[in-house]
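Chemist: sharing a sequence plus its predicted fold:
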Amino acid sequence: MHVAALSLTDFRSYPQVDLELGPGVTSFVGSNGQGKTNLVEALGYVATLGSHRVSTDAPLVRFGAERALVRAQVVREDRPTLVEIEINPGRANRARINRSPVPRPREVLGVLRTVLFAPEDLALVKGDPSERRRFLDELLVSRAPRLAGVRSDYDRVLKQRNALLKSASAARRGGSGASEVLRTLEVWDSHLATVGADLLAARIDLVSSLSPLVDKAYDTVSSGAGPASIEYVSSLGPEVELLPDRGLLADALLAAVEVRRRDELDRGASLVGPHRDDLLLRLGPAPAKGYASHGESWSYALALRLASYDLLRNDGSLGGEPVLVLDDVFAELDVARRRRLADLVGGAEQVLVTAAVEADVPEQLSGGRIHVLAGTVSREP
């Protein structure tokens, strides 16, 4: 799989830009603030319908414009597919595949798969659990695009259930209407358990598949300074055995909701479910968060992305390797880690690198160079 062409209209700093790309390594080189990360961010948006830099769509639209357009031609097994996404902040986004509109933008998920490593990934190790949940869920959707619908359904159920919990809490204090709200809440308990079990089972299965790949990747990038291990931590508690069985997990979620009912009513929020879970990262016996050095944390974040790449690459049902994107990462790595990373990824079908100066790009990743200056791009002859 590779991206053959990228076209942007009113995306970030670009009124208009058209790029031809190809297999192998392509580096986008330019000083900070010139727009090179915007290019790979756009490709990430095609792959995930989200940005690795911001949580909302509004900053993606060039200031003063009403909408942004992203077009990418993706070649998989020698067959080109054109994906077009119209980003409309405050309104529904729209998408097309090969010029034909699709019912929902998430229908484009799976056409392009990317694995992106960026400075923001340090938050996977040092940041809040939400960063690690997002990492897992984006990888889940890359493996099985149908899970984007499961995530959307879970978010909808969670929002509705939280609103009911707040209403029930207020009704209890007021002394009227509480029983009716509680009966309605039981229906949404069932929805939470059903959809939550689907998402939870997929995450548990993913962590099981990813774990040995993380240890292998960390061992490689850190030259044997491991071992590294990952463990899924559920809000169901340590006494519940985490098996990817949807029926058992749904029963466990319902039971846990019943146990936490009083606390949930007191707080007006759902305290049980995948939205409360975490991914525990360990180096040896100690958690990486709080114990790993800065260099070890970088290596761990890199290992998570490289393991993701290996997982997707080795899945024959996905129709080819994902596109590997390295966004301004070599400046953060010492010489030894740069060399090891370059050796690991140099043989990928397509690698896109951004760097502030050409010297940051290792010799092993020599390939095409595109210079980026003030929102204009020029290919090195």
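Modeler: Done, it's in.
Chemist: show me where the stretch 251-381 of the chain has helices.
Modeler: Assigned by DSSP state H, counting those that start in this stretch, the stretch 251-381 of the chain shows helices spanning 261-267, 294-313, 335-345.
Chemist: ok and the longest one relative to helix 335-345, angle-wise?
Modeler: The reference is to helix 294-313. 0 degrees (axes from the mean of the first three to the mean of the last three C-alpha atoms, to 10 degrees).
Chemist: packing partners for the helix or strand harbouring Ala197?
Modeler: For Ala197, the host element (DSSP states H and E) is helix 178-221. On a contact count with 3 or more C-beta pairs under 8 Å, 6 or more residues apart in numbering; DSSP states H and E, helix 178-221 meets helix 129-143, helix 147-174, strand 228-233, helix 246-259, helix 294-313, helix 335-345. The way it works is simple: take the backbone N, C-alpha and C, and place the C-beta from them, glycine included.
Chemist: the shortest one: how far from the chain's middle?
Modeler: Think strand 228-233. The chain centre lies 18 Å from the centre of strand 228-233; the measure is C-alpha atoms, centre = their mean, to the nearest Å.
Chemist: next, the buried residues of that strand.
Modeler: 228-230, 232 (16 or more other C-beta atoms under 10 Å).
Chemist: swap in the first one?
Modeler: Within helix 129-143, the residues that qualify as buried are 131-143, counting by 16+ other C-beta under 10 Å.
Chemist: without its sequence neighbours, what residue ends up closest to Val17?
Modeler: Leu8 (5.0 Å; C-beta to C-beta, 6 or more residues apart in numbering).
Chemist: tabulate the buried residues of strand 228-233 (a markdown table), appending pLDDT.
Modeler: Formatted as a markdown table, the buried residues of strand 228-233 follow (pLDDT from 0 to 100):
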| residue | pLDDT |
| --- | --- |
| Ala228 | 93 |
| Ser229 | 95 |
| Ile230 | 96 |
| Tyr232 | 96 |
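Chemist: picking up where we left off before, Glu86 is nearest to which of the helices of the stretch 251-381 of the chain?
Modeler: helix 294-313 (27.0 Å; C-beta to C-beta).
Chemist: CA atoms of the closest one as PDB?
Modeler: Taking Å, rounded to 0.1, in the frame of the first residue of the first chain, the C-alpha atoms of helix 294-313 are listed here in PDB:
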ATOM      1  CA  HIS A 294      13.200  10.500  29.000                       C
ATOM      2  CA  GLY A 295      15.200   8.300  26.600                       C
ATOM      3  CA  GLU A 296      13.500   5.100  27.800                       C
ATOM      4  CA  SER A 297      10.100   6.800  27.400                       C
ATOM      5  CA  TRP A 298      10.900   7.800  23.800                       C
ATOM      6  CA  SER A 299      12.000   4.200  23.100                       C
ATOM      7  CA  TYR A 300       8.800   2.900  24.600                       C
ATOM      8  CA  ALA A 301       6.600   5.200  22.500                       C
ATOM      9  CA  LEU A 302       8.600   4.200  19.400                       C
ATOM     10  CA  ALA A 303       8.200   0.500  20.300                       C
ATOM     11  CA  LEU A 304       4.400   0.900  20.600                       C
ATOM     12  CA  ARG A 305       4.300   2.400  17.100                       C
ATOM     13  CA  LEU A 306       6.700  -0.100  15.600                       C
ATOM     14  CA  ALA A 307       4.700  -3.000  17.100                       C
ATOM     15  CA  SER A 308       1.600  -1.500  15.600                       C
ATOM     16  CA  TYR A 309       3.300  -1.400  12.200                       C
ATOM     17  CA  ASP A 310       4.400  -5.100  12.500                       C
ATOM     18  CA  LEU A 311       0.900  -6.100  13.600                       C
ATOM     19  CA  LEU A 312      -0.800  -4.500  10.600                       C
ATOM     20  CA  ARG A 313       1.900  -5.500   8.100                       C
END
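Chemist: quick check: buried residues in that helix?
Modeler: When neighbours are counted by 16+ other C-beta under 10 Å, the buried residues of helix 294-313 are found to be 296-313.
Chemist: state the next helix or strand along the chain beyond the helix or strand harbouring the residue nearest to Val17.
Modeler: Using DSSP H and E, Leu8 sits in strand 2-11. Note on strand 2-11: by DSSP H and E, the next helix or strand toward the C-terminus is strand 14-20.
Chemist: now for Asp327: which residues touch it?
Modeler: 37, 40, 52, 116-119, 354 (C-beta atoms under 8 Å, 6 or more residues apart in numbering).
Chemist: gap between it and Ser27?
Modeler: 11 Å (C-beta to C-beta, to the nearest Å).
Chemist: before we move on, back to that, closest one to Ser222 among the helices and strands packed on helix 178-221?
Modeler: helix 294-313 (4.4 Å).
Chemist: from Leu39, how far out is the residue nearest to Val17?
Modeler: Leu8 is 8 Å from Leu39, by C-beta to C-beta.
Chemist: still on that earlier bit, mutual contacts of Asp327 and Ser27, please.
Modeler: With C-beta under 8 Å, 6+ apart as the test, Asp327 and Ser27 both reach Thr354.
Chemist: run a quick neighbour tally on the closest residue to Leu192 other than its chain neighbours.
Modeler: Nearest non-adjacent residue to Leu192, counting by C-beta to C-beta, 6+ apart: Val157, 5.3 Å away. Per other C-beta atoms under 10 Å, the neighbour tally for Val157 reads 21.
Chemist: any idea how far Val108 lies from Arg12?
Modeler: From Val108 to Arg12 the distance is 20 Å (C-beta to C-beta).
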